[in-house]
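Engineer: next input, structure requested:
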Amino acid sequence: MTTNRRDFLKTSAAASGVAVLSMYVPGFGGQEAQAAGSLHTPNVWVHIADDNTITLLSHMSEMGQGVHTSLPMLIAEELNVDVNSVQVATAPANPAYVNGLLGAQITGGSTAIRDAWEKLRVGGAQVRTMLVQAAAAKWGVDASSLTASNGVVSGGGKRATYGELAAAASALPVPKDVQLKDPSQFRIVGKPLNRLDTPAKVNGTAEFGIDAKVPGMVYASIEQTPVIGGKPVSFDAAKAKSMPGVIDVVQISDGVAVVADTYWHAFNARKKGLKVQWDDGAGASLSTAGMWAAIKAADKEIKPIKIRPDVGDAAGAIAGSSKVVKASYTTGLMAHQPLEPMNMIANVSGDKCELIGPTQFQQGAQGTAAAVLGIKPENITVRTTYLGGGFGRRIELDFISQAVQVSKAVGRPVKVLWNREDDMKHDFYRPMGLNRLEAGLDASGNVVGMKFQLTSQSITQRAFGLPKNTLDPFMVEASVPLYAVPNTQHDVIIHDTGFRVGYLRAVSHTMNCFANESFIDELALAAGKDPLQFRMNMVSNEPRIANVLKIAAEKAGWGRKLPKGRGLGIAIMEGYGTYMAQVAEVSVSEGNVKVHKVWIASDQGRMVNPEIVRQQLESGVIYGLSGALYTQNTVANGRVQQSNFNDFPPIRQNQSPVIDITLVDSSEKPGGVGEPSTSLIGPAVANAIFAASGKRIRSMPLAQGLKFFFCENLSLWTVLIWKYSRPAPTGSPLANNANSSRSPRPGDRARARKVRRSASARMGMWSDQYLAAASKMI
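Structural biologist: Alright, predicted model coming up:
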């Protein structure tokens, strides 16, 4: 079976129980619903008050990507008003606000502008047309004689504000066909504009979930099962209940919640006064090594699914080629780690519930609360605050379910608030991925055939009940690049490791782009060709990607002479409707990598706000660079081993590269910009590391692989360190003759310890692992 991601989510969301697409929300009776009081609603997007205040109901959550600036620009353009006069509120859960590209009311997938580009312009044009029609009816004139601009309809010596006409306009039928502005007439769209939410974020009036409060609210800190999927068996809360501020201690499905008058009282009692016995469940047997072993062996047991139909005969072309190149690439587990930890307010009262907090999935939040309480979805209201980062984590609903369970148990409004350690150890992690690639080159170095095979886990099977043996479109993004290859085979093996996974920024683009673009560099080397020219030859029939490739290379000065230990790496990708190239300049010294500068050339079609586009591309590079170099999660006995940023180190300010961005002017439809640069930075840096050091790293995070390469170069030094700083293991050849060359001299061991400490510092967190391996050799 095959399906596209929008159709799958649209048809399966209701069946999964997490999104009900036909629900009714009080106060929003349909596409032409009206609001009560002084607010008038010509359509579902725009509220106009009697005082001429205009409010956009945004169907997208604001999580730093700038939708509370770019979406008002679309409405303001067609309403002919100053964008600064448009206020923004996040829409409630309602089918009217379904993301047309994802089939549910979800913010994610770099879809905000792509989905809103036409529907919000149409929405603005509808309201403008209705206001003019209302004025024409009131004054008894032809609508064509009137104009709407700057919040006023005028003509024939008469004028009325939008607010004065809003009530009458809201009573009119919403016109189906409206005239949109030609892009040549745009006054707002396409122009750089400072973010409208910056003042509120600076002065503290912007409400994030972590800030939100309601009268009578209490706090809950939850001791969660140490193994994801486990459950509490029993608990002793006697001490916790005696501690200051504690109101109650209640068991929920995946933990035990301490409820108190302040967060600190709840957290302190949880840590110092609560004892829980756990049933770890089947997940207790999971480990990183075991999951990798199963992934690597999965092709022996699981039949591959075609990502697309084979083109030609890849196996035959490779078998008959002059040179065969094979490589495997791996990408590890990774937590989302938005800066604001998970939180949600739930207020259960009788057969109704109010949810207040940060979510990317309003309908999912509504459906989850309804399922927990056994009530109708229309009895659940959702008020979305600002999100302190999302990256896909807030599509999940676990923390929402927890808040509803606790509020129901204590009969009060409750804010569930996680800390960083809770977030790190109870995430829905980016899946592990293994990419196996094989290609054949002819005598001239041209690629005659290529095979691509991905083995990974389906997020959509878990999240939305995708049937087994069905292609998950979110697994195979960027798996088929734009290179012209006459014979290709693209397969995916869906293997469930048993570990909990979720959609993380750029989803599968990251692992597949890393594999494809690293492999193209390896093919260029095997063909004896320059990586840039090798790519240019293979995308000559793809003008948009060829253009950005050329621009990025020229900006970076591709081919210039660099100092020893420095290198340039290049990578390209089409994703989310955006065509992008990146060049990274790095230096490598003693196993350490420094990314100095990144050049981006991006063709994302028409832009609503070029300044926000730049911000998103910069953000994507920094987020992606953290994962490409350092951040990953490991598992032992079912438990995530990392706990905070000390052992999950994101890029720091002093490690951030200079980022040079070229935005291509385009008349094509808008592409997404929140995620493409996240995917490209990994292979661009990996290719640059090879250019600088000659070391090909095929596993992300790259820094770990580079450290081990450095350790290999120091293997003899390591042996000498161990020879003089530690006793030779019993039974080792060195146990009897370790000092046969000479007798130990005064100070040998002290000098060896000093050298070892120096080596450890330079080799970083992996030095002890390598030295332990070296000790076994000795």
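
Engineer: how far away from the center of its chain is the helix or strand where residue 113 lies?
Structural biologist: Per DSSP states H and E, residue 113 falls inside helix 112-139. Its chain's average C-alpha position is 33 Å from that of helix 112-139, according to Cα atoms, centre = their mean, to the nearest Å.

Engineer: again, but for stretch 575-589
Structural biologist: 17 Å.

Engineer: so for that stretch, mean pLDDT?
Structural biologist: Confidence for stretch 575-589, expressed as mean pLDDT, is 97.

Engineer: swap in stretch 154-162?
Structural biologist: Stretch 154-162 comes out at a mean pLDDT of 96.

Engineer: residues in contact with that stretch: which ones?
Structural biologist: Under the contact criterion Cβ atoms under 8 Å, 6 or more residues apart in numbering, stretch 154-162 has outside partners 48, 52, 54, 79, 81, 131, 135, 138-139, 141, 145-148, 151-153. Every residue, glycine included, has its C-beta placed from N, CA and C.

Engineer: quick check: pLDDT value at residue 774.
Structural biologist: Residue 774 is given a pLDDT of 40.

Engineer: which secondary structure elements does the helix holding residue 113 contact?
Structural biologist: With contacts defined as 3 or more Cβ pairs under 8 Å, 6 or more residues apart in numbering; DSSP states H and E, helix 112-139 has these neighbours: strand 46-49, helix 67-79, strand 147-149, strand 152-155, strand 158-161, helix 162-170.

Engineer: show the buried residues in the contacts of stretch 154-162.
Structural biologist: 48, 52, 54, 79, 81, 131, 135, 139, 146, 148, 151-153 (16 or more other Cβ atoms under 10 Å).

Engineer: distance to residue 553 added to the residues you listed, as CSV?
Structural biologist: Shown next, in CSV, are the buried ones among the contacts of stretch 154-162 (distance: Cβ to Cβ, whole Å):
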residue, distance to residue 553
48, 50
52, 52
54, 46
79, 43
81, 43
131, 51
135, 56
139, 61
146, 53
148, 48
151, 48
152, 51
153, 52
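
Engineer: and those, which two are furthest apart?
Structural biologist: Comparing all pairs in the buried ones among the contacts of stretch 154-162 by Cβ to Cβ, the longest separation belongs to 54 and 139, at 22.1 Å.

Engineer: follow-up on the earlier one: and of the helices and strands packed on helix 112-139, who's closest to residue 124?
Structural biologist: helix 67-79 (3.0 Å).

Engineer: average pLDDT across that closest one?
Structural biologist: 98.

Engineer: point to the helix or strand of the chain where mean pLDDT is at its lowest.
Structural biologist: Taking mean pLDDT, DSSP states H and E as the measure, the chain has helix 5-16 as its least confident helix or strand, at a mean of 38.

Engineer: now do stretch 312-327: distance from first to last residue.
Structural biologist: End-to-end span of stretch 312-327 (Cα to Cα, to the nearest Å): 22 Å.

Engineer: what about the strands in the stretch 151-300 of the chain?
Structural biologist: 152-155, 158-161, 218-224, 231-236, 246-252, 255-260, 275-279 (DSSP state E, counting those that start in this stretch).

Engineer: and stretch 301-308, what's buried?
Structural biologist: For stretch 301-308, the neighbour count (16+ other Cβ under 10 Å) marks 302, 304, 305, 307 as buried.

Engineer: same check, this time on stretch 653-664
Structural biologist: Residues 655, 657, 659, 661, 663, 664 are the ones in stretch 653-664 that count as buried (16+ other Cβ under 10 Å).

Engineer: in what helix or strand does residue 659 lie?
Structural biologist: Take DSSP H and E as the rule and residue 659 turns out to sit in strand 658-663.

Engineer: and that strand, what does it pack against?
Structural biologist: By 3+ Cβ pairs under 8 Å, 6+ apart, strand 658-663 packs against helix 543-556, strand 592-603, helix 610-629.

Engineer: figure out how far it is from the centre of its chain.
Structural biologist: Remark: strand 658-663 is offset 21 Å from the chain centroid, using Cα atoms, centre = their mean.

Engineer: check contacts around residue 274.
Structural biologist: Neighbours of residue 274 in contact, by Cβ under 8 Å, 6+ apart: 223, 235, 236, 237, 239, 240, 249, 256, 258.

Engineer: any idea how far residue 410 is from the second one?
Structural biologist: Which is residue 235. Remark: distance between residue 235 and residue 410 (Cβ to Cβ, to the nearest Å) = 16 Å.

Engineer: rewinding a little: for the buried ones among the contacts of stretch 154-162, which one is nearest residue 362?
Structural biologist: Using Cβ to Cβ, these come closest to residue 362 at residue 54, 22.3 Å.

Engineer: leaving out chain neighbours, which residue sits closest to that closest one?
Structural biologist: Excluding its sequence neighbours, the residue lying closest to residue 54 (Cβ to Cβ, 6 or more residues apart in numbering) is residue 86, at 5.0 Å.

Engineer: just residue 500 next, same as before
Structural biologist: The nearest residue in space to residue 500 (Cβ to Cβ, 6+ apart) is residue 228, at 4.9 Å.

Engineer: check contacts around that neighbour.
Structural biologist: Shown in contact with residue 228 (Cβ under 8 Å, 6+ apart): 283, 426, 499, 500, 638, 640.

Engineer: out of these, who's the most crowded?
Structural biologist: Neighbour counts for the contacts of residue 228, by other Cβ atoms under 10 Å, peak at residue 640, which reaches 24 neighbours.
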